[in-house]
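K.L.:
My questions concern the predicted model and sequence given below.
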Amino acid sequence: MTGIAGLNKKHNAVLVIRDADMVAAALRQALADAPPEERPGLERTVALVESTAAATETQLRARWVRSRLEAVGFTGDIASVTAVKALRQAEPKLSLLAAVQLQKEAVAHPE
């Protein structure tokens, strides 16, 4: 996570940036203009993007937590204290409070 102006160890957050709607619109346009042999692949791609766009911010943060834990090789129980420690290892600027809140979201939204 990169630093954001105004945030510090006591006040930090994980921002969710969503541009899936723009990507989906571009893909739908490509699908409308596509020759028949390209349509099946584009139809599948549009469906995947639209399903991703339907995810809530909480679900996206939960996915982010799991990806960060995976990045540091964590394979244990996501609800454990060790998971919070691993998350803070993956994102050293993350406060303990933020790490615990993110962990709770990940526990509440299993893949």
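P.N.:
Here it is on my side, so go on.

K.L.:
Now do the same for the helix or strand where Q101 lies: mean pLDDT, whole number.
P.N.:
In the assignment (DSSP states H and E), Q101 maps to helix 96-108. For helix 96-108, mean pLDDT is 94.

K.L.:
For that helix, C-alpha coordinates in PDB please.
P.N.:
What follows is helix 96-108 as a C-alpha-only set of coordinates in PDB (Å, rounded to 0.1, in the frame of the first residue of the first chain):
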ATOM      1  CA  LEU A  96      -3.000  -2.700  14.100                       C
ATOM      2  CA  LEU A  97      -6.500  -1.400  14.200                       C
ATOM      3  CA  ALA A  98      -6.800  -1.300  10.400                       C
ATOM      4  CA  ALA A  99      -5.300  -4.800  10.100                       C
ATOM      5  CA  VAL A 100      -7.800  -6.200  12.600                       C
ATOM      6  CA  GLN A 101     -10.700  -4.500  10.800                       C
ATOM      7  CA  LEU A 102      -9.500  -5.900   7.400                       C
ATOM      8  CA  GLN A 103      -9.100  -9.300   8.900                       C
ATOM      9  CA  LYS A 104     -12.700  -9.300  10.200                       C
ATOM     10  CA  GLU A 105     -13.900  -8.400   6.700                       C
ATOM     11  CA  ALA A 106     -11.900 -11.200   5.200                       C
ATOM     12  CA  VAL A 107     -13.300 -13.700   7.800                       C
ATOM     13  CA  ALA A 108     -16.900 -12.500   7.100                       C
END
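
K.L.:
Pull out the buried positions in it.
P.N.:
98-103, 105-106 (16 or more other Cβ atoms under 10 Å). Every C-beta, even on glycine, is put in place using the N, C-alpha and C of the backbone.

K.L.:
Can you name the residues that contact A79?
P.N.:
Taking Cβ atoms under 8 Å, 6 or more residues apart in numbering, we find A79 in contact with 103, 107.

K.L.:
Read off the pLDDT value for it.
P.N.:
Per-residue confidence at A79 stands at 97 (pLDDT).
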